[in-house]
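Student: Here you go, sequence then predicted model.
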Amino acid sequence: MRGLSRASLEEVTRRLDAVLTSTETATLGHELFEVVALLHGERSLRRWLVDQSRTPESKSGLIGSLLESKVSPATILVASDIVQAKWSTGRDMVDAAEQVAVFATVAGLAADQRLGELEDELFRFGRIVAAQPELRAALTNDAVGVGHKRALVENLLSGKVSAAALALVTEAVSRPRGRTLEQGLDHFGQLVAERAKRYIAVVRTAVPLSAPQQSKLQEVLTRVYGRAIHLNIEIAPEIVGGLSIRVGDEVIDGTVAGRIAEVRRRLAG
């Protein structure tokens, strides 16, 4: 998100922070995800709301009438802030609504350590799903009803992860917005990291890293990227040796398998 939309997102987030101090944040997060579903599902509504010839008051009035008696006043306030802001595209507006929904959902985990634990929970569940094709099929099959998927997530995770993790996994499963389940979990993890003002580095290694090695790697990556780094470590024996590190869209591949693959690509070219 850039330019006009980026500035609007920063302002909407700032206004959200003022609301979070005086409302039940779990409810707010849940209701904001319902707003996301409404905006995502109604193309004509999105187009009307991002039309800059419409007045902010008319946009606020419309979203208020659609949500009245269905959600809390706090949710209507945040939704009004979102639709009154200026967005380059309807997609940017929906993405912003999703981001503030995540921020509200995790607001009860203000401590840096607890946000880190949530990042770990989302990462671990993503790896569990990737390793169990039958479970993945049950959670992603379009023929399976949303209610059944939500119940399955509840049975799998209730009491085993934080309420915020349960809410975000349920959202990723039931309303993927065109993402795969793994992409959805990764996306939410990135937003949690954004809330904690750090980046996530997904580290693939053939053997476990010791605590000093992890600390050193965090130190180096923090220096390189200029921001605190949270490590998600995946043990992958197939890479033989070395490390593969992904931070956002950037991949640093220092594995033996990666170097062999590069040689093969050059020979083939």
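Tutor: Thanks, I have it.

Student: Any chance of the backbone angles for His230?
Tutor: Main-chain torsions, His230, degrees, to the nearest 10: phi -110, psi 130.

Student: Give the burial count for it, as a bare number.
Tutor: Using other C-beta atoms under 10 Å, His230 is surrounded by 21 other residues. Every C-beta, even on glycine, is put in place using the N, C-alpha and C of the backbone.

Student: Could you report the separation of it from Ile128?
Tutor: 19 Å (C-beta to C-beta, to the nearest Å).

Student: Run through the strands of the stretch 51-200 of the chain in chain order.
Tutor: 198-205 (DSSP state E, counting those that start in this stretch).

Student: Identify the residues contacting His230.
Tutor: If you count contacts by C-beta atoms under 8 Å, 6 or more residues apart in numbering, His230 has them with Gly116, Glu119, Ala193, Ala196, Arg198, Tyr199, Ile200, Ala201.

Student: Am I right that the last one is in contact with Ala228?
Tutor: No. Contact criterion C-beta atoms under 8 Å: Ala201 and Ala228 do not qualify, at 10.6 Å.

Student: Among those two, which residue is more densely surrounded?
Tutor: Comparing Ala201 with Ala228 by other C-beta under 10 Å, the one with more neighbours is Ala201, at 24 against 15.

Student: bridging residues for the more buried one?
Tutor: Beta bridges link Ala201 to Leu231, Val247, judged by DSSP bridges.

Student: for the one 4 residues further on, same thing?
Tutor: Going by DSSP bridges, Thr205 is paired in beta bridges with Ile235, Leu243.

Student: And it, how close does it get to Arg15?
Tutor: In terms of C-beta to C-beta, Thr205 sits 42 Å off from Arg15.

Student: between these two, who's got more neighbours?
Tutor: A side-by-side neighbour count of Thr205 and Arg15, using other C-beta under 10 Å, places Thr205 first with 20 against 16.

Student: now the angle from the one helix or strand Ile233 maps to to strand 198-205?
Tutor: In this structure, Ile233 is located in strand 228-235 according to DSSP states H and E. Between strand 228-235 and strand 198-205, the angle comes out at 20 degrees (axes from the mean of the first three to the mean of the last three C-alpha atoms, to 10 degrees).
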